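Peer 1: A structural model of the following input is requested.
(chains A and B)
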Amino acid sequence: MVRANKFSPLVAALVAALAISFPLLYLRAPQTTFVELPKTSTRYLAKESEGLLKQTALHLSKMQKGASVGGFPGFEPPDDDERYKRKVKEGEYNAQDVNDWVKEINNFLRQIIDKNPGMTLEKILQKQGLTSEQVKEFLEALRNVHATASGMEGTGVTSETVIVLKSLMDTLGVSTWLP
Amino acid sequence: MVAVESLYSFQRTHDGVMIHLRNGEWTSHIPLPKGAQLARMGDVPYHPYWRLVFEPDRTIEAIYGRFKIPFGFKEVIDWYKAEMPKLGWIESENESYILQENSASLKFVHPQTYAQSTVRILPPNDVDPTSSVSFLWVVKRPYFLNVEATPDSQLPLPIAEEVSSNA
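Peer 2: This is a model prediction of the structure:
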């Protein structure tokens, strides 16, 4: 105990020095730490973009007979749900389905815009690594969904759903009524 | 002059007017093969529509329809590649795409009317033995506030530069 008391000013000074320098070191750390970019074709996109594009494609696929859209996996309805299966695979969905699915698509497009401000969807898809044909397919599927929903505006699909989709497509540089 | 039984039913939309085509009606601008039937949406057929979209500086006229065609994927593609030119359409091959057995979209322009059209084809699958085909026909015309005072002969033509960029 006596020995500890003898060194206590030195210990106290050391602790004080650490207390002062630690926050400085801590605050400097983010400026000096090197963060490696992901080594994929998506490295210039926000990291959640791939998942959002995949979800968008999945919902577009529901209105394209479950076919793959832009190389992303198509929507596969559960085998034991015959009604749902026919709805998707035969394209016999109703206006309420269109309204629900387009609202989901709007939700994903909004997040894609938020995470990649200023970029067109075409550019985003290119950076995601899609081929030129896959980019065309994705954009065409979106344009086709807009045309389908427009034909149901006021009869199961709300004007708001169509307006929001058009506005998001405008922001993403996708023309609604052909280029 | 021929009296018509009734006028077309139409609906005001957020950006213009939508006119519902009657049963069995389709535009003569885009051919339909024998056996084509209206696609169904739930329990009702999806009737083609004719839509006028009013924008500040232009009016867009669009016709859209969805059909089931009892041909295979490649047959539908070949049929439209052969039949559309007979009506004066020229395919914009740079804009068209065919993704093997997944989907195809054929784009055409019409040099006389300045119209553009898309024929989008989805192949048969394990549940549906028909090809699903949707059509979008569009003409975009410039609009100016003084257009009503202009004689017909001096009205602006549809937007030619957009067509020429695709042709």
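
Peer 1: per-residue confidence at the closest residue to chain B within chain A?
Peer 2: Closest residue of chain A to chain B, C-beta to the nearest C-beta: A:Asn94 (3.0 Å). For the C-beta atoms, the positions are set from N, CA and C on the backbone; glycine is no exception. Model confidence at A:Asn94, given as pLDDT, is 90.

Peer 1: what's the neighbour count on the closest residue to it other than its chain neighbours?
Peer 2: Excluding the flanking residues, the one nearest A:Asn94 by C-beta to C-beta, 6 or more residues apart in numbering or on different chains is B:Gly42, at 3.0 Å. Look at B:Gly42: counted by other C-beta atoms under 10 Å in any protein chain shown, it has 15 neighbours.

Peer 1: Kindly report the same for the one 10 residues further on.
Peer 2: Counted with other C-beta under 10 Å, the burial measure for B:Leu52 works out to 15 neighbours.

Peer 1: Assign a three-state SS to it, would you?
Peer 2: With DSSP: H, G, I helix; E, B strand; the rest coil as the basis, B:Leu52 sits in strand.

Peer 1: show me where pLDDT drops low in chain B?
Peer 2: B:4-5, B:145-152, B:155-156, B:159-167 (pLDDT under 70).

Peer 1: again, only using 80
Peer 2: Residue ranges of chain B with pLDDT under 80: B:1-6, B:42, B:144-167.

Peer 1: From B:Lys68, how far out is the nearest residue to B:Leu38 once chain neighbours are set aside?
Peer 2: Excluding the flanking residues, the one nearest B:Leu38 by C-beta to C-beta, 6+ apart is B:Pro45, at 4.1 Å. From B:Pro45 across to B:Lys68, the span is 10 Å (C-beta to C-beta, to the nearest Å).

Peer 1: Could you do B:Gln116 as well?
Peer 2: Separation of B:Gln116 from B:Lys68 (C-beta to C-beta) stands at 24 Å.

Peer 1: more crowded one of those two?
Peer 2: A count of neighbours by other C-beta under 10 Å puts B:Gln116 above the other of B:Gln116 and B:Lys68, at 26 against 19.

Peer 1: give me phi/psi at the residue nearest to B:Leu38?
Peer 2: phi -70, psi 150 (degrees, to the nearest 10).

Peer 1: tally of neighbours for it?
Peer 2: By other C-beta under 10 Å, 13 other residues sit near B:Pro45.

Peer 1: thought it was touching B:Ala39?
Peer 2: Yes - taking C-beta atoms under 8 Å as the definition, B:Pro45 is a contact partner of B:Ala39 at 7.3 Å.

Peer 1: can you give me the helices for chain A?
Peer 2: Remark: helices assigned in chain A by DSSP state H are A:2-32, A:49-62, A:82-89, A:95-115, A:121-127, A:132-150, A:159-171.

Peer 1: Near chain B, which residues of chain A? Just list them.
Peer 2: Residues of chain A found near chain B (C-beta under 8 Å from any C-beta of the partner chain) are A:64-69, A:85-86, A:89-95, A:97-98, A:132-134, A:136-137, A:140-141, A:143-144, A:147-148, A:150-154, A:159, A:162-163, A:166, A:177-179.

Peer 1: With just CA atoms, put stretch B:18-28 into CSV.
Peer 2: Extracted in CSV, the C-alpha atoms of stretch B:18-28 (Å, rounded to 0.1, in the frame of the first residue of the first chain):
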residue,chain,number,x,y,z
MET,B,18,-58.9,7.7,-70.8
ILE,B,19,-61.3,6.4,-73.4
HIS,B,20,-62.3,2.7,-73.1
LEU,B,21,-62.6,0.9,-76.3
ARG,B,22,-65.7,-1.2,-76.9
ASN,B,23,-65.8,-5.0,-77.0
GLY,B,24,-64.0,-6.4,-80.0
GLU,B,25,-62.4,-3.0,-80.9
TRP,B,26,-58.7,-2.6,-81.5
THR,B,27,-56.6,-0.1,-83.4
SER,B,28,-56.0,-0.7,-87.1
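
Peer 1: Point me to the residue of chain B nearest chain A.
Peer 2: For chain B, C-beta to the nearest C-beta, closest residue to chain A: B:Gly42, 3.0 Å.

Peer 1: CA atoms only: put the longest helix belonging to chain B into PDB for me.
Peer 2: For chain B, the longest helix by residue count, based on DSSP H, is helix B:73-83. Taking C-alpha atoms only, helix B:73-83 is exported to PDB below (Å, rounded to 0.1, in the frame of the first residue of the first chain):
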ATOM      1  CA  PHE B  73     -42.700 -17.300 -78.300                       C
ATOM      2  CA  LYS B  74     -40.700 -17.400 -81.500                       C
ATOM      3  CA  GLU B  75     -43.800 -17.600 -83.700                       C
ATOM      4  CA  VAL B  76     -45.200 -14.400 -82.300                       C
ATOM      5  CA  ILE B  77     -41.900 -12.600 -82.800                       C
ATOM      6  CA  ASP B  78     -41.600 -13.800 -86.400                       C
ATOM      7  CA  TRP B  79     -45.300 -12.900 -87.100                       C
ATOM      8  CA  TYR B  80     -44.800  -9.300 -85.900                       C
ATOM      9  CA  LYS B  81     -41.500  -8.900 -87.600                       C
ATOM     10  CA  ALA B  82     -43.200  -9.900 -90.900                       C
ATOM     11  CA  GLU B  83     -46.600  -8.100 -90.500                       C
END
